[in-house]
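Colleague: Next input, structure requested:
(one chain, ligands or ions: 2)
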Amino acid sequence: MATMESLIGLVNKIQRACTVLGDHGGEGLSLWEALPSVAVVGGQSSGKSSVLESVVGRDFLPRGSAAVRKEIADETDRITGKTKAISNIPIHLSIYSPNVVNLTLIDLPGLTKVAVEGQQESIVQDIENMVRSYVEKPNCIILAISPANQDIATSDAIKLAREVDPSGERTFGVLTKLDLMDQGTNALDVLEGRAYRLQHPWVGIVNRSQADINKNVDINFARRKEREYFEHSPEYSHLAHKMGSEYLAKLLSQHLEVVIRQKIPSIIALINKTIDEINAELDRIGRPIASDGGAQLYTILEMCRAFDKVFKEHLEGGRPGGDRIYLVFDHQLPAAMKKLPLDRHLSTSNVRKVVSEADGYQPHLIAPEQGIRRLIDGSLGYFKGPAEATVDAVHLILKELVRKSIAATLELKRFPSLQSDIAAAANNSLERFRDESRKTVVRLVEMESTYLTVEFFRKLQLEPEKNTGNQPASNSDRYTDNHLRRIGSNVTAYVGMVCDTLKNSIPKAVVHCQVREAKRALLNNFYVQIGKREKDQLSAMLDEDPALMSRRESLSKRLQLYKSARDDIDSVAWNR
Ligand code: GDP
Ligand code: MG
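Modeller: Residues are numbered from 1 along each chain as shown. Ligands and ions are numbered 1, 2, ... in the order given. Predicted coordinates:
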């Protein structure tokens, strides 16, 4: 049979778990509220306080002349004034002892029939309402106290208990003052369940009398006397093993144990739910990293890979941004080329100037080869601008994609140092790619100047000069407007052809040098660097935001506590 001691063990374990969780979890658990409380109800002086004390085996309630009684009386007066009124503000009396169960034991005022001198008429109803508010809670175990020297049919305790607990599941009928019954009468009708049937057996009690209390008879002595009373009583000796405060305590413990054990599955479920929540949050903010160098290197590489994956998605589709590069090639570059001041450069007046300067003192005879070369050179020089601008525009887009990818790599959020290390490494690479790309596109333009497409001019020579017929132009025609315009338009046509070529080849060079390299080798240098790093340098890279670290630490701690609470409760659940 469960004893108060074993119940103390069970409840203490659950309580320890809950307290720990409450202390560390912040939100705590409402388990404690779900656990049962025990309340005594009954008329005035029916022996409620005495029963509560003898069930616990300690003197602590306001009865007799103890100092605590005065303390409570004074406290009550402070709240209600000296009006003999009642207050529904409970007085919390905490008892600290390893031997005391942290159960809520509620000593209620006695139910009364009439208001005494100085009390409000409403006192009768007020007390009943207050008592009812406690005992109607489904987790309240009711000790319904009736004195044996009164008719059970008039018992207020039984009346109220039947009202709030019709099935009698949580009501214990207690009959006090058996020793004060009139000579020749006994309470067997009640104790044997004939007078009034309850779910749980009736328990008869002999508490300390007022005289005992006045003589400071201690509770253990009183219990022994009570036991002797039942054993030697001619009426009750056959019931002796089912009577007395110790038996009531056992009965109550047993019942409490059943009720508490019934709560265990929901307690465990609550704990499991919390464990799941903590795990989910830990997943969200990232698990702690192992402290060895290998694991750290692995973590860093994982982060790099995660970042790289996001970056590639930006370029290859799936994420926005890569399309802006095509916009540069398709729109920005042609528009910039269109805006070049070629018309001015190839105007008749400039053609005249360049051609005659190239001719020097000897005007050209057939075609101004030097002049044409200079005009083409000069024109192509303009293309370096749009070519370099294309490189820079793509560079800016790639840089922006790096920034976006860093922000979108959630795993990286917890490592601000690593985040900026990766960003710096990526941007470094992009700058190297840009320099390479710039050299390449400038070279493409220069290549067009260094070697001209001969066929283009050979075809031109086959075409006759319309204005002069088949006659070779005379010397005096060398610098005529017509002749110069024709040179200008030929050069314009040639430059237009080169422009079309460059419109295609510049994007090819840019993609080759910048985009392709960014996809292929954005973090290659970084990998080489971290491969050479020492363990402490690696852990410095994995430096986390202190707020996050402490959040993770407290979550991990809570997780541990919940798990060990679950183990503790599990173990009491299986230990009987
Ligand atoms: P409460 O008002 O219901 O809390 O009753 P108390 O526990 O304060 O008891 C009221 C009075 O009845 C006290 O003087 C007790 O000593 C006395 N008393 C309670 N139970 C018994 C009992 O079983 N036998 C005797 N002789 N006196 C009792
Ligand atoms: Mg009392």
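Colleague: what's the burial count for whichever residue of the chain sits closest to ligand 2?
Modeller: In the chain, no residue comes nearer to ligand 2 than Ser49, which is 3.3 Å away by C-beta to the ion. Just so you know, the C-beta spots here come from the backbone N, C-alpha and C atoms, and that holds for glycine as well. Neighbours of Ser49 under the rule other C-beta atoms under 10 Å: 22.
Colleague: hang on, isn't it packed against Ile106?
Modeller: No. Ser49 lies out of contact with Ile106 (C-beta atoms under 8 Å); the separation is 11.2 Å.
Colleague: Common neighbours of those two, please.
Modeller: Val40 (C-beta atoms under 8 Å, 6 or more residues apart in numbering).
Colleague: which SSE is the residue of the chain closest to ligand 2 in?
Modeller: Assigning secondary structure by DSSP states H and E places Ser49 in helix 48-56.
Colleague: One more: Leu143?
Modeller: Counting by DSSP H and E, Leu143 is part of strand 140-147.
Colleague: quick check: angle from that strand to helix 48-56?
Modeller: On the basis of axes from the mean of the first three to the mean of the last three C-alpha atoms, to 10 degrees, strand 140-147 is oriented at 120 degrees to helix 48-56.
Colleague: Mind checking the pLDDT average for strand 140-147?
Modeller: The average pLDDT within strand 140-147 is 93.
Colleague: ok, and what's touching that strand?
Modeller: Taking C-beta under 8 Å, 6+ apart as the rule, strand 140-147 contacts 36-43, 45-48, 51-52, 55, 106, 134-135, 152, 155, 157-158, 160-161, 164-165, 170-177, 180, 190, 252, 255-256, 259.
Colleague: got it, and stretch 239-250?
Modeller: So stretch 239-250 is contacted by 1-4, 51, 54-57, 172, 174, 191-192, 201, 203-207, 223, 226-227, 230-231, 233, 236 (C-beta under 8 Å, 6+ apart).
Colleague: Swap in 6 Å and give it another go.
Modeller: Stretch 239-250 has contacts (C-beta atoms under 6 Å, 6 or more residues apart in numbering) with Met1, Met4, Ser54, Val55, Val203, Gly204, Ile205, Glu226, Arg227, Phe230, Glu231.
Colleague: that older thread, now the contacts of strand 140-147: which count as buried?
Modeller: Those of these that meet the buried threshold are 36, 38-43, 46-48, 51-52, 55, 106, 134-135, 152, 155, 157-158, 160-161, 164-165, 170-177, 190, 252, 255-256, 259, by 16 or more other C-beta atoms under 10 Å.
Colleague: show me which of those neighbour ligand 1.
Modeller: Counting by C-beta under 6 Å from any ligand atom, Gly42, Ser46, Gly47, Lys48, Thr176, Lys177 from those sit close to ligand 1.
Colleague: ok, the third one touching Leu178?
Modeller: Spelled out, that is Gly47. No. Gly47 lies out of contact with Leu178 (C-beta atoms under 6 Å); the separation is 10.4 Å.
Colleague: residue ranges for the strands of the chain, please.
Modeller: Using DSSP state E, the strands of the chain run over 37-42, 104-107, 140-147, 171-176, 203-204.
Colleague: As a markdown table, these with distance to Val394 would be great.
Modeller: Output for the strands of the chain, formatted as a markdown table (distance: least, C-beta to C-beta, whole Å):
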| stretch | distance to Val394 |
| --- | --- |
| strand 37-42 | 74 |
| strand 104-107 | 74 |
| strand 140-147 | 76 |
| strand 171-176 | 84 |
| strand 203-204 | 91 |
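Colleague: what about the stretch 51-200 of the chain, any weak spots by pLDDT?
Modeller: 57-65, 67-73, 76, 80, 82-105 (pLDDT under 70).
Colleague: Quick check: residues of it near ligand 1?
Modeller: By C-beta under 6 Å from any ligand atom, the residues of the stretch 51-200 of the chain that approach ligand 1 are Arg63, Gly110, Thr176, Lys177, Asp179, Leu180.
Colleague: Output the lowest mean pLDDT helix or strand found in the protein.
Modeller: helix 31-34 (a mean of 58; mean pLDDT, DSSP states H and E).
Colleague: ok, how many other residues are close to Asp570?
Modeller: 13.
Colleague: most centrally placed residue in this structure?
Modeller: Compute the mean C-alpha point of the chain, and by C-alpha atoms, centre = their mean the closest residue is Glu281, 4.0 Å away.
Colleague: Excluding chain neighbours, what is closest to that one?
Modeller: Counting by C-beta to C-beta, 6 or more residues apart in numbering, Leu555 is the residue found nearest to Glu281 once chain neighbours are left out, at 6.0 Å.
Colleague: That neighbour touches Asn279, doesn't it?
Modeller: No. Using C-beta under 6 Å, Leu555 is not in contact with Asn279; the gap is 9.0 Å.
Colleague: Those two - which one has more neighbours?
Modeller: Between Leu555 and Asn279, counted using other C-beta under 10 Å, the more crowded position is Leu555 (17 against 13).
Colleague: And that one, how far from Ser237?
Modeller: 62 Å (C-beta to C-beta, to the nearest Å).
Colleague: now do Asp189
Modeller: Applying C-beta to C-beta to Asp189 and Ser237 gives a distance of 17 Å.
Colleague: Now do the contacts for the closest residue to Leu143 other than its chain neighbours.
Modeller: Counting by C-beta to C-beta, 6+ apart, Leu143 lies nearest to Val40, which is 4.5 Å off, once chain neighbours are set aside. Neighbouring residues of Val40 by C-beta under 6 Å, 6+ apart: Lys48, Val51, Leu52, Asp107, Leu143, Ile145.
Colleague: Name the residues linked to Val40 by a beta bridge.
Modeller: Asp107, Leu143 (DSSP bridges).
Colleague: what about the nearest residue to Ala387 once chain neighbours are set aside, how many neighbours?
Modeller: Nearest residue to Ala387, sequence neighbours excluded (C-beta to C-beta, 6+ apart): Val441, at 4.0 Å. Using other C-beta under 10 Å, Val441 has 25 other residues around it.
Colleague: cool, Gln120 as well?
Modeller: Using other C-beta under 10 Å: Gln120 sits among 13 other residues.
Colleague: Distance check, it against Ala157.
Modeller: 23 Å.
Colleague: Which pLDDT value goes with the residue of the chain closest to ligand 2?
Modeller: 86.
Colleague: And for Leu248, the neighbour number?
Modeller: Leu248: 21 neighbours (other C-beta under 10 Å).
Colleague: coming back round to it: now the two most distant members of the contacts of stretch 239-250.
Modeller: Maximum pairwise distance among the contacts of stretch 239-250 (C-beta to C-beta): 21.5 Å, between Met4 and Glu231.
Colleague: can you tell me how far the residue lying closest to Leu188 once chain neighbours are set aside sits from ligand 1?
Modeller: Using C-beta to C-beta, 6+ apart and skipping residues adjacent in sequence, the residue nearest Leu188 is Glu235, 6.3 Å away. Distance of Glu235 to ligand 1, given as C-beta to the nearest ligand atom, to the nearest Å: 15 Å.
Colleague: Next: Arg438.
Modeller: Separation of Arg438 from ligand 1 (C-beta to the nearest ligand atom): 97 Å.
Colleague: Contact partners for the spatially closest residue to that residue that is not a sequence neighbour?
Modeller: If the residues on either side of it in the chain are set aside, Arg438 comes closest to Val391, at 4.9 Å by C-beta to C-beta, 6+ apart. Contacts for Val391 (C-beta under 6 Å, 6+ apart) come out as Arg434, Ser437, Arg438, Val441, Val510.
Colleague: Including pLDDT and distance to ligand 2, could these go into TSV?
Modeller: Shown next, in TSV, are the contacts of Val391 (pLDDT from 0 to 100; distance: C-beta to the ion, whole Å):
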residue	pLDDT	distance to ligand 2
Arg434	98	90
Ser437	98	94
Arg438	98	96
Val441	98	99
Val510	98	94
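Colleague: neighbours of Gln210, just the number please.
Modeller: Applying other C-beta under 10 Å, we find 10 residues neighbouring Gln210.
Colleague: and the two most separated of the ones next to ligand 1 among the buried ones among the contacts of strand 140-147?
Modeller: Lys48 and Lys177 (11.9 Å).
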